[in-house]
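*Asks:* Following is a predicted model, sequence given first.
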Amino acid sequence: MSKPCEAPIGSAPASDQIILALDVNGANEARSIVKEIAGRIGAFKIGLQLFTAAGPSFVREMTSAGHKVFLDLKFHDIPNTVASAAVEAARMGVWMFNVHAMGGSNMMRRTVEEVNEACAREKLARPLIIAVTVLTSVGDDDLAEVGFETTAGDSAVRLATIAAASGLDGVVASPLEAAAIRSTVANKDFVIVTPGIRRASATKDDQRRVNTFRQALANGSTYTVIGRPILSAADRIAAINDICSE
Ligand code: C5P
């Protein structure tokens, strides 16, 4: 199957850096999108909507079929609860999952330790564990409202530094912060996943800290999460091509 956004021989196409957000309301719709798009992007993201509708059995169906799944449940709870949920995520065979960095370094460290132990003990593939910094829908005014005295950008870099020091593999951040995070975190393999991707001419929907796909990669993103700009397109394959080539 030919991939959109063809790359020079020997290098992966840029579209491999797209994680498609399966933000739909049930397994049947998700299955038909996966059938249409599989092989044309890097991975699929199962978030709160689809997980609440279709549950762990759909996650297992996807991982058993060999699809790379980013389980985006943004765990945020006490360390024991998050670490235990994280072990269950690993048991589902997901490629990557996330926690909220705002849950603190104790929670993140314990999650990494318990997932490492469970994966070694049960011979599971160890998923990437990444932390949400500041949601891309949140702006400086929202943070000020809840008592933060730093901007969204500064808070994201600070939370990314804490996540890296706690042993996490990467973060979710806005494409606008990717460059600052890349230059602050010493680990060059630190994964930076950026939602909030929009074409220059497009609507932002409820996103606020947005950028284009190419600019996000230029800023240091490892992967971009894209939902509505592909899901709502009349021709989804053409939308992937347009997003990559802008
Ligand atoms: O439709 P759109 O491209 O805005 O979708 C972005 C996806 O990324 C959504 O599934 C949303 O939950 C997710 N996300 C985000 N901001 C974060 C973390 C995840 O928008 N910080």
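*Replies:* Looks like it arrived, so ask away.
*Asks:* What residues does the chain have near the ligand?
*Replies:* Taking CB under 6 Å from any ligand atom as the contact definition, the chain meets the ligand at 21, 23, 47, 72, 132, 135-136, 172, 195-196, 205, 207, 225-229. Any C-beta I mention is one placed from the backbone N, CA and C, and that applies to glycine too.
*Asks:* Need the buried ones from the residues you listed selected in PyMOL.
*Replies:* Listed next is the PyMOL selection for buried residues among these, using 16 or more other CB atoms under 10 Å:
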select buried, resi 21+23+47+72+132+135+136+172+195+196+207+225+226+227+228+229
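*Asks:* Tell me which entries of the residues of the chain next to the ligand lie within strands.
*Replies:* Per DSSP state E, strands hold the following members of the residues of the chain next to the ligand: 21, 47, 72, 132, 172, 225-226.
*Asks:* Now for those: which two are most distant?
*Replies:* The distance between the two most remote of these (CB to CB) is 16.7 Å, for V132 and I226.
*Asks:* Tell me which residues touch I37, please.
*Replies:* 20, 230, 236-237, 240 (CB atoms under 8 Å, 6 or more residues apart in numbering).
*Asks:* Dump these into JSON lines; add pLDDT and neighbour count as well.
*Replies:* Conversion of the contacts of I37 to JSON lines gives the following (pLDDT from 0 to 100; neighbours: other CB atoms under 10 Å):
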{"residue": "L20", "pLDDT": "98", "neighbour count": "24"}
{"residue": "I230", "pLDDT": "97", "neighbour count": "22"}
{"residue": "R236", "pLDDT": "97", "neighbour count": "18"}
{"residue": "I237", "pLDDT": "97", "neighbour count": "13"}
{"residue": "I240", "pLDDT": "96", "neighbour count": "25"}
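*Asks:* Looking at those, which are in helices?
*Replies:* 230, 236-237, 240 (DSSP state H).
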